[in-house]
Every structure is written in structure tokens, then in C-alpha cells.
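J.: Here is a sequence with its predicted model. Questions after.
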Amino acid sequence: MGFDAVVWFPICAGLTLVGLVAAFLAFRRRGAASGLRLIGWAVLPMAVYLTGMVRLLWTVGAEVVRWISRFAFSPTVWIGLALFGVAAIAFPVAAAMRRREARQAGAAGGGETAGRARAGGRDAEGKRPPKAVGKGSKETDPLEGMEEIEDILRRRGIT
């Protein structure tokens, strides 16, 4: 019988027994649903003990408490949090400033193509330039260039 069994078995068994008594009382006073729910909670301590998870849960709980206590009382952690805050503010502000500078450079005549490239393809008024109509564009006529084929078909008498 190891240390875990000597220490944790009475604790888990006691919690289970107290929970079962509370479940019995809840069953009599508040009905079957309340009693059944408390039975579910009551058997958890013994389930944890019998599956060997007591040491795992104790270790995880102790480490979480240690991390929180170091987190709350460490000045270096608070300085680190402040730096995270500065970064969280600096990134969106810098992005907004870049967008504003690009708009101003385009409006000030800093080169129309350069201004459009920085402003997301828009001109000084914020409008997109018209797309060029050419090969591969959706605005081209699908029958363009078919005149030669129509001429051949007419000569052969097919149309």
C-alpha cells in the first residue's frame, strides 16, 4: 500500500459517501432528477482514485496555482504584459498610418501608378481605374474573330 493509497483513498471514499448522503436527501426532497445529478457528482472522487488520476490532477492543480501566483506577483510578468499591450496597439495604428500615407501620396501627385499601387489599386479619389478590354477579359465579344470562319462557311454554302 503506497503513499497515494494511504492518503487519497480515505479522502476520495469520504467525499463519495458524503455525496451519496446528499444525493439521498436531494432525492427525497427535490425529486429524482436532483438526486441522480448528485449521485453523478458523488461517484467522481472514487472514479478518479480508482483510475489513478489523483496524482495527475493534484500535479496539474499545483502547477496551475504556482503559475497563477508567479503571474500575479511578478513585476517582470507585468512588464511583459505591458509590452504585449504596446504591441497590440502599435500594429493596427501602424497599418492605419500606412493606409493614410498611401492616400496622401496618391492625392499629392506622388506618381499616379505609385500612388495607386500603395492605395490598393485606387486613384486619388478612391475609385478604381477602368479595366482594360482585351484578351481574357470578360467584356470581350465571344464571337470576335469569327468573321473568317463565317466567310468560309458562306463560300461552301453551309450557312
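T.: In hand now; what should we look at?
J.: Name the helix or strand of the protein that has the lowest mean pLDDT.
T.: Ranking every helix and strand in the chain by mean pLDDT, DSSP states H and E puts helix 112-118 at the bottom, with a mean of 49.
J.: ok, and for the host helix or strand of Ala96, which residues are buried?
T.: Under the criterion of DSSP states H and E, Ala96 resides in helix 75-107. Under the neighbour-count criterion of 16 or more other Cβ atoms under 10 Å, helix 75-107 has 102-103, 105-106 buried. In this view, the C-beta of every residue, glycine as well, is placed from N, C-alpha and C.
J.: Turn those residues into a markdown table, including pLDDT and distance to Met46.
T.: Below are the buried residues of helix 75-107 laid out as a markdown table (pLDDT from 0 to 100; distance: Cβ to Cβ, whole Å):
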| residue | pLDDT | distance to Met46 |
| --- | --- | --- |
| Ala102 | 86 | 66 |
| Arg103 | 86 | 68 |
| Ala105 | 82 | 72 |
| Gly106 | 78 | 72 |
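J.: State the pair within those residues that is farthest apart.
T.: Arg103 and Ala105 (7.4 Å; Cβ to Cβ).
J.: Okay, helices next: where are they in the protein?
T.: Remark: helices assigned in the chain by DSSP state H are 3-30, 32-50, 54-73, 75-107, 112-118, 147-155.
J.: Determine which residue lies closest to the centroid of the protein.
T.: The residue lying closest to the centre of the chain (Cα atoms, centre = their mean) is Ala88, at 16.1 Å.
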